[in-house]
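1. here you go, sequence then predicted model.
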Amino acid sequence: MAPGVDAADTAWMMMSTALVILMTPALGLFYAGLVRSKNTLNTFMMCVAALGVATISWAVIGYSLAFGGDGGGFIGNFDHAFLSGVGFDPREGTAIPQLLFMAFQGSFCILTVALVSGAVVERIRFGPYMIFVALWSTLVYPVMAHWVFGGGFLAEAGTLDFAGGVSVEMASGFSALAAAILIGTRKDYGRQALLPHNSVLVLLGAGLLWFGWFGFNGGSGIGANDIGVLAFTNTLLAPACTLVGWFALDLFRGGKVTAVGAATAVVVGCVAITPAAGFISPMWAMALGLAASVPSYLIIVWQPRTRVDETLDVLGAHGIAGMFGILFIGLFAQADWNGIADGLFYGNAAQLGHQALAVLVSPIYAFAVTYGLLRFIALFGPLRATEREEAVGMDVEQHGEEAYVSGEGAILLRVAGKTPHELDSELESGKLPALVGPADEDVE
């Protein structure tokens with residue numbers, strides 16, 4: 001190994017990177033269970049697309065914009081474009097190869113842009129979405145990551161963000177809000193119940209996300225060290241308390257504890273602790289987890305009453321919970337644990353101001369740039385599917401596949417000019433007589 005590289009730190013960071021990469025397909029499971037069955041594959045494929053497109057954009061330019069020098073505190077430079085100078089030597093301030101540091105940070109970018117897709121599932125076209133992934137992972141995530149992790153103006157101002165409250169959570173939450181507003185509601189939104197089709201997938205996805213989050217937060221100490229141990233432990237404690245708090249809120253509101261609510265609570269707890277994981281004590285992490293359940297729950301319950309179809313609650317689960325975690329640091333950070341700074345509760349009132357600055361600027365940038373990017377993409381073609389395509393389902397219309405086979409022993413008929421779903425609709429409505437014929441036979 002290169003001089004200055006620690007084998008134990010490197011091994012842990014390789015494992016952490018793999019755990020965070022796992023979170024993107026885990027998110028695919030979580031999201032896929034929350035949509036209607038005819039959109040299952042399309043929803044999962046949005047996460048798969050992020051694994052491909054965002055990885056490439058991160059390696060080509062994103063990493064350099066986030067961690068390449070300093071551009072006046074707002075954005076990095078092109079020193080590491082196309083991974084120039086990124087090799088086996090340790091990055092300054094770490095004991096791991098910079099190549100591994102790049103991969104670890106890239107896994108965050110991949111996950112974050114996949115999170116945004118939750119706002120516009122069941123209606124956005126796959127092609128424009130992939131263009132959006134490429135642009136967003138170049139112009140939004142790297143910029144906001146630079147602010148807090150690459151020597152940008154928020155870091156210089158004293159803002160504390162351990163693992164991505166700014167660049168992951170608030171960035172995805174308020175970008176999701178912008179995307180939902182611009183693209184508009186699903187055709188059946190507000191007219192019929194649009195319910196999750198598979199709560200088991202939702203629970204499985206949430207469980208795998210929590211598992212991956214131990215690498216997400218535990219690895220953000222960039223080594224096998226005390227701060228990583230604190231973050232790892234807090235990632236266990238905070239979501240557990242959010243889960244119990246959510247149970248209580250569900251019982252109070254509807255008299256029943258819901259499975260989808262439990263899965264959502266796990267995510268909210270992991271999000272809330274993300275910025276604070278290495279800065280607060282374990283007991284304050286538990287308090288944060290319990291308290292964070294309230295604002296996110298209220299936003300998620302209130303949002304369907306609006307005309308903003310932010311479909312899978314990215315704003316409530318990520319934007320609001322991330323914002324709450326950032327502010328919580330300003331109140332309860334403890335230098336005895338983090339070795340850096342105290343919060344207001346321990347005599348450092350200025351820290352709350354530093355955290356509030358991040359809460360003010362991050363949502364504005366994420367919302368505005370995301371809205372602008374989607375407006376730009378829309379100049380070249382429609383962003384969303386037609387009502388007919390929505391009715392058929394995005395799986396068939398965008399991918400030519402279905403997640404579930406309905407019926408057994410069906411005979412495949414091709415009717416001139418008609419898709420199978422159009423034929424089914426006309427058969428059900430009585431516009432066509434029932435037809436029986438040999439498989440693959442054209443029927444005129």
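-> Happy to help now that I have it. Residues are numbered from 1 along each chain as shown.

2. list the contacts of the most centrally placed residue in the chain.
-> Nearest to the geometric centre of the chain sits Leu115, at 2.5 Å (C-alpha atoms, centre = their mean). Residues near Leu115 by C-beta atoms under 8 Å, 6 or more residues apart in numbering: Leu27, Val168, Ser172, Ala176, Val314, His318. The way it works is simple: take the backbone N, C-alpha and C, and place the C-beta from them, glycine included.

3. so which strand or helix has the residue nearest to Val140 when sequence neighbours are not counted?
-> Excluding the flanking residues, the one nearest Val140 by C-beta to C-beta, 6 or more residues apart in numbering is Val369, at 5.3 Å. Here Val369, judged by DSSP states H and E, is contained in helix 350-378.

4. could you measure the closest residue to Ser84 other than its chain neighbours against Gly106, distance?
-> Among residues not flanking Ser84 along the chain, Ser64 sits closest, at 7.7 Å (C-beta to C-beta, 6+ apart). For Ser64, the distance to Gly106 equals 12 Å [C-beta to C-beta, to the nearest Å].

5. higher neighbour count, these two?
-> More neighbours surround Ser64 than the other of Ser64 and Gly106, with 27 against 24 (other C-beta atoms under 10 Å).

6. my reading is that that one lies in a helix. Confirm?
-> Yes: counting by DSSP: H, G, I helix; E, B strand; the rest coil, Ser64 falls inside a helix.

7. and the strands in the chain?
-> For the chain, the strands defined by DSSP state E cover 413-415, 441-443.

8. now render the contacts of Leu115 as a markdown table, adding pLDDT, neighbour count and distance to Val260.
-> Output for the contacts of Leu115, formatted as a markdown table (pLDDT from 0 to 100; neighbours: other C-beta atoms under 10 Å; distance: C-beta to C-beta, whole Å):
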| residue | pLDDT | neighbour count | distance to Val260 |
| --- | --- | --- | --- |
| Leu27 | 98 | 28 | 15 |
| Val168 | 98 | 25 | 22 |
| Ser172 | 98 | 32 | 20 |
| Ala176 | 98 | 29 | 18 |
| Val314 | 97 | 26 | 15 |
| His318 | 98 | 31 | 16 |
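
9. out of the residues you listed, which are inside helices?
-> Counting by DSSP state H, the contacts of Leu115 place Leu27, Ser172, Ala176, Val314 in helices.

10. now for those: which two are most distant?
-> Greatest spacing in those, by C-beta to C-beta: Leu27 and Ala176 (12.9 Å).

11. count the neighbours of the spatially closest residue to Leu139 that is not a sequence neighbour for me.
-> In this structure, Leu139 finds its nearest non-sequential neighbour in Val369, 6.0 Å apart by C-beta to C-beta, 6+ apart. Neighbourhood size, Val369 [other C-beta under 10 Å]: 19.

12. I figured Val369 hits Pro142, correct?
-> No: between Val369 and Pro142 there is no contact under C-beta atoms under 8 Å: 11.5 Å.

13. quick one: Leu237 from Met15, how far?
-> Using C-beta to C-beta, we find Leu237 at a distance of 21 Å from Met15.
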